[in-house]
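A.B. asks: turn this into a model:
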Amino acid sequence: MPTELRRQILGRTNLEITQLGYGTALPELSSGEHSEQHADELLNAVLDAGINFVDTAPDYGLSEERIGKFISHRRDEYYLATKCGCNIDAEGVRCDPGHVWTADRLRANIDQSLARLKTDRVDLLQMHNPSVEDVEKGGLVEVLQEIRDAGKTRYIGVSSTEPHLLPFARMGVFDTFQIPYSALERRHESMIQEAADLGAGIIIRGGIAKGHNARQQQDETWDGAGLDEIAAAMGRHEFVLRFTLSHPACHTTIVGTGKPDHLAANIRSAHTGPLSPEVYEQAKEQLAKSGEAPH
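C.D. replies: Below you'll find the predicted structure:
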């Protein structure tokens with residue numbers, strides 16, 4: 001087993017990031033109901049494990065603040081990504097509507113994020129799920145470029161889904177895309193490849209279901225495809241993570257967990273690496289037969 005996590009260049013950027021990244025949209029970091037000591041230990045454990053890509057957002061509760069408080073002193077050990085378009089007040093409380101697509105909102109988001117994160121710039125600033133119309137109407141590409149030119153971010157990107165993903169990718173102005181994808185939700189599979197072929201960096205999110213309905217649907221997909229026989233001893237969680245790592249355009253996948261034992265398991269799975277080509281192809285064939293195929 002390799003001693004370091006696999007790294008890849010994130011698309012047209014020069015960021016060499018670990019293929020296993022860390023997402024911070026989780027209660028253990030975002031909620032004041034969980035102790036600061038736990039957040040401190042968790043974030044430092046992520047860096048100690050060798051993960052060098054951390055993704056957050058202004059509307060992930062206390063996550064930005066806790067990153068700034070507990071690991072800003074280790075800023076040279078990781079690449080930092082946050083988002084914009086998030087409608088939060090001066091105290092960081094999320095407001096309705098959840099996102100506002102104006103130049104003033106993007107500028108306010110990055111300034112507040114830098115203060116909370118205790119850094120002078122982020123490595124990646126991503127719009128948080130806008131529509132193409134939102135971006136074009138607000139002239140937001142130019143605003144992101146202005147923020148980049150001011151030195152507040154190195155690269156710009158979009159967290160997106162269909163039907164907006166490919167139109168954004170074809171604009172040729174975004175360095176990265178953050179896209180939901182897993183073995184059990186393959187609708188963006190070919191779009192991920194097309195965006196990567198256009199030179200963009202690919203950040204995959206949402207590999208593990210959240211919420212009862214999502215878990216139930218994924219259970220049905222798993223059972224319908226007969227994946228237990230393929231996964232065998234590795235178990236479902238490891239199989240799903242390694243399936244994502246097997247996508248040839250997966251530069252990194254951000255997996256958030258607030259439990260040290262789950263973090264350790266994710267690290268072990270990432271060290272083991274992608275599925276073998278034979279298992280990967282067999283899984284895709286069985287998923288397609290069961291109705292879970294890419295669009």
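A.B. asks: quick one: the helices in the protein?
C.D. replies: If DSSP state H is used as the criterion, the helices of the chain fall at 27-30, 36-48, 63-71, 103-117, 132-138, 140-149, 165-171, 189-197, 212-225, 228-231, 235-246, 260-272, 277-289.
A.B. asks: show me the shaky parts of the stretch 151-295 of the chain.
C.D. replies: Applying pLDDT under 70 to the stretch 151-295 of the chain picks out residues 207-214, 293, 295.
A.B. asks: pick the most buried one from the helices of the chain.
C.D. replies: Per-residue neighbour counts averaged over each of those give the maximum for helix 63-71, namely a mean of 23 (mean count of other C-beta atoms under 10 Å). C-beta: built from backbone N, CA, C; applies to glycine.
A.B. asks: can you pull the contacts of the closest residue to Glu4 other than its chain neighbours?
C.D. replies: Leaving aside its chain neighbours, Glu4 sits nearest to Gly50 (5.8 Å; criterion: C-beta to C-beta, 6 or more residues apart in numbering). In this structure, Gly50 makes contact with Glu4, Leu5, Thr18, Ile267, judged by C-beta atoms under 8 Å, 6 or more residues apart in numbering.
A.B. asks: number of nearby residues for the third one?
C.D. replies: To tie it back to what came earlier, the one meant is Thr18. Applying the criterion other C-beta atoms under 10 Å, we find 23 residues in the vicinity of Thr18.
A.B. asks: just the pLDDT at the closest residue to it other than its chain neighbours, thanks.
C.D. replies: Residue nearest to Thr18 in three dimensions, not counting chain neighbours: Leu5, with 4.2 Å by C-beta to C-beta, 6+ apart. With respect to pLDDT, Leu5 scores 96.
A.B. asks: ditto for Phe70
C.D. replies: The per-residue pLDDT reported for Phe70 equals 98.
A.B. asks: for it, which non-adjacent residue is spatially closest?
C.D. replies: Ranked by C-beta to C-beta, 6+ apart and with sequence neighbours excluded, the top spatial neighbour of Phe70 is Asp40, at 4.4 Å.
A.B. asks: and the gap between the one you found and Arg187?
C.D. replies: For Asp40, the distance to Arg187 equals 38 Å [C-beta to C-beta, to the nearest Å].
A.B. asks: so Leu241 sits against Asn266, correct?
C.D. replies: Yes: taking C-beta atoms under 8 Å as the contact criterion, Leu241 and Asn266 are neighbours in contact, 6.5 Å apart.
A.B. asks: shared neighbours of those two, anything?
C.D. replies: Both Leu241 and Asn266 are contacted by Val255, under the criterion C-beta under 8 Å, 6+ apart.
A.B. asks: dump the residue contacts of the nearest residue to Ser31 once chain neighbours are set aside.
C.D. replies: Distance criterion C-beta to C-beta, 6+ apart; nearest residue to Ser31, sequence neighbours excluded, is Gly61 at 5.8 Å. In this structure, Gly61 makes contact with Leu29, Ser30, Ser31, Gly32, Gly92, judged by C-beta under 8 Å, 6+ apart.
A.B. asks: how does it look with 10 Å?
C.D. replies: By C-beta atoms under 10 Å, 6 or more residues apart in numbering, the contact list for Gly61 reads 24-27, 29-32, 34, 88, 92-94.
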